[in-house]
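K.L.:
only geometry, no sequence info:
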């Protein structure tokens with residue numbers, strides 16, 4: 001699993017012309033699944049995600065996690081996180097999990113995160129063509145693999 005985590009002041013995702021998820025201050029997270037991922041990785045990443053201290057304290061040090069600031073989370077499934085661009089000019093997605101299984105993994109990730117984090121959690125729509133908008137705060141972007 002790969003998470004690309006962005007600290008945002010606001011973020012939203014549209015499908016067609018409808019906003020399907022929107023948050024204020026918090027985290028926009030792009031979520032990708034590798035074909036060899038196991039479900040045990042979900043628990044690790046949920047724990048890491050809610051504990052990750054990337055929000056500033058009163059002394060402008062990254063000492064607060066998303067819960068400390070009562071932040072929101074927007075999860076966007078994105079298989080292209082496992083693109084391989086080493087050969088040719090068109091990315092290969094052979095390393096990405098097949099959509100049917102990835103969809104199950106994404107839903108389980110959302111469910112487990114909801115159990116671990118009580119603030120607002122929004123999502124994009126798996127498999128849809130989405131338009132993601134954000135105001136990055138910092139900018140702060142962190143990538144975590146499991």
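P.N.:
Structure received. Remember, predicted model here, so these are calculated numbers, not experimental data.

K.L.:
how about residues contacting the longest helix along the chain?
P.N.:
Using DSSP state H, we find that the single longest helix of the chain is helix 99-116. Helix 99-116 is contacted from outside by 1, 31, 33, 37, 39, 42-43, 45-47, 49-50, 73, 75, 77, 79, 96-97, 121, 123, 126-127, using CB atoms under 8 Å, 6 or more residues apart in numbering. C-betas here are computed from N, CA, C, even on glycine.

K.L.:
please work out the average pLDDT along that helix.
P.N.:
Mean pLDDT, helix 99-116: 97.

K.L.:
that helix: how far from the chain's middle?
P.N.:
Offset of helix 99-116 from its chain centre (CA atoms, centre = their mean, to the nearest Å): 11 Å.

K.L.:
with stretch 3-21 instead?
P.N.:
10 Å.

K.L.:
got it, and stretch 97-108?
P.N.:
Centroid separation for stretch 97-108 versus its chain: 14 Å, with CA atoms, centre = their mean.

K.L.:
helices or strands up against the longest strand along the chain?
P.N.:
If you go by DSSP state E, the chain has its longest strand at strand 130-145. The contact analysis (3 or more CB pairs under 8 Å, 6 or more residues apart in numbering; DSSP states H and E) places strand 130-145 against strand 2-15, helix 40-51.

K.L.:
quick one: contacts of the shortest one?
P.N.:
Applying CB under 8 Å, 6+ apart, the set of residues contacting helix 40-51 from outside is 1, 3, 5, 27, 29, 65-67, 73, 105, 108-109, 112-113, 116-117, 144, 146.

K.L.:
6 Å - rerun?
P.N.:
Helix 40-51 is contacted from outside by 1, 65, 108, 109, 112, 113, 116, 117, 146, using CB atoms under 6 Å, 6 or more residues apart in numbering.

K.L.:
identify the residue nearest the second one in space, chain neighbours excluded?
P.N.:
Taking CB to CB, 6 or more residues apart in numbering, and ignoring the residues beside it in sequence, residue 65 has residue 53 as its nearest neighbour in space, at 5.2 Å.
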